[in-house]
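Visitor: no sequence on this one, just coordinates:
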């Protein structure tokens with residue numbers, strides 16, 4: 001899809017570049033840097049073992065190491081900090097590639113819970129009661145992903161060594177705050193350049209692909225090959241296309257409109273939003289997750305983590321959507 005000269009000039013003016021590229025990239029880098037610093041401080045102070053105790057029963061059930069339990073608890077507050085913690089453990093050889101993959105999938109529930117209030121506050125004013133169903137289904141899918149990961153990890157991983165917390169640190173040893181902060185800052189300054197060098201170019205590449213219409217072409221192709229969605233009413237297609245072409249807000253606007261006019265029932269609207277959410281998974285992964293994950297992990301490893309994470313996410317969303325569809329049939 002060619003870009004007109006005037007559109008290109010507008011997209012690449014200084015003001016447009018700052019609002020669409022500079023400020024969002026700066027916010028992303030600051031958020032990731034804060035997460036990395038928090039993870040380094042927690043590790044240096046050895047507070048990760050306290051966080052690990054919160055998720056210890058579930059982590060033990062999944063045969064995951066202590067650091068995975070700490071990452072699970074930390075992800076309820078900051079998914080970026082959890083990724084930083086897992087990345088550090090992987091770089092130090094404490095986690096294998098397989099353990100890292102499973103620990104990342106293990107964090108599906110807390111990572112989603114961070115965004116649940118925002119999603120609910122976006123959907124409730126527009127949809128009303130159907131918002132509860134929609135958010136409940138997406139939350140059920142997140143619970144299912146973590147439960148599946150526990151079962152999978154228990155089958156794939158041997159039980160972790162007993163007493164690993166005791167062998168890593170002496171509980172009676174006093175924490176030297178000054179030394180811990182110095183160690184955390186030293187690690188942070190060593191990792192920060194890599195975070196910026198990998199994240200910024202990939203984010204800029206995603207911006208250029210969007211500005212030159214490549215994402216729009218992909219979304220147009222998807223919207224033209226949706227004949228298999230014949231189980232949905234025709235009015236629902238507009239919601240799905242908007243979900244593909246834009247963020248959730250545009251799809252919610254369309255959903256609210258057809259719901260208020262009686263064009264679709266509450267059940268039809270929820271199904272349309274769920275299908276749109278599933279189909280937008282590839283675009284969301286490339287646009288949002290690839291830049292942030294590449295700051296913590298090697299690009300090839302980051303891509304594998306994203307593919308596993310988003311593949312399981314799409315499968316779990318499809319499962320709960322099918323369950324909802326057949327339950328109301």
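Guide: Arrived safely, thanks for sending. None of these values were measured; they are calculated from a predicted model.
Visitor: can you give me the strands in the stretch 1-150 of the chain?
Guide: Secondary structure of the stretch 1-150 of the chain (DSSP state E, counting those that start in this stretch): no strands located.
Visitor: so where's it shaky on pLDDT?
Guide: For the stretch 1-150 of the chain, the stretches flagged by pLDDT under 70 are 1-12, 43, 46-52.
Visitor: Mind doing that once more with 50?
Guide: By pLDDT under 50, the weakly predicted segments of the stretch 1-150 of the chain are 1-2, 5-6.
Visitor: residue boundaries of the helices in it?
Guide: With DSSP state H, counting those that start in this stretch as the criterion, the stretch 1-150 of the chain has helices at 5-11, 14-17, 23-44, 48-54, 56-61, 66-75, 79-91, 97-106, 108-127, 129-156.
Visitor: TSV please, covering those and showing mean neighbour count.
Guide: (Glycine included, C-beta is placed from N, CA and C.) Supplementary listing: those in TSV, determined by neighbours: other Cβ atoms under 10 Å:
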stretch	mean neighbour count
helix 5-11	12
helix 14-17	11
helix 23-44	19
helix 48-54	19
helix 56-61	17
helix 66-75	27
helix 79-91	24
helix 97-106	22
helix 108-127	17
helix 129-156	18
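Visitor: Can I get those helices in TSV including distance to residue 282?
Guide: Compiled in TSV, those are given as follows (distance: least, Cβ to Cβ, whole Å):
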stretch	distance to residue 282
helix 5-11	23
helix 14-17	26
helix 23-44	20
helix 48-54	33
helix 56-61	30
helix 66-75	23
helix 79-91	20
helix 97-106	18
helix 108-127	18
helix 129-156	17
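Visitor: Among those helices, which comes closest to residue 177?
Guide: helix 23-44 (9.4 Å; Cβ to Cβ).
Visitor: now that closest one and helix 79-91, what's the angle there?
Guide: Taking axes from the mean of the first three to the mean of the last three Cα atoms, to 10 degrees, one finds helix 23-44 and helix 79-91 inclined to each other by 50 degrees.
Visitor: what sits against residue 83?
Guide: With Cβ atoms under 8 Å, 6 or more residues apart in numbering as the criterion, the residues that contact residue 83 are 35, 71, 104, 292-293, 296-297.
Visitor: give me that answer again for 10 Å
Guide: With contact set as Cβ atoms under 10 Å, 6 or more residues apart in numbering, residue 83 has these partners: 32, 35-36, 39, 71, 74-75, 103-104, 107, 111, 292-293, 295-297, 302, 305.
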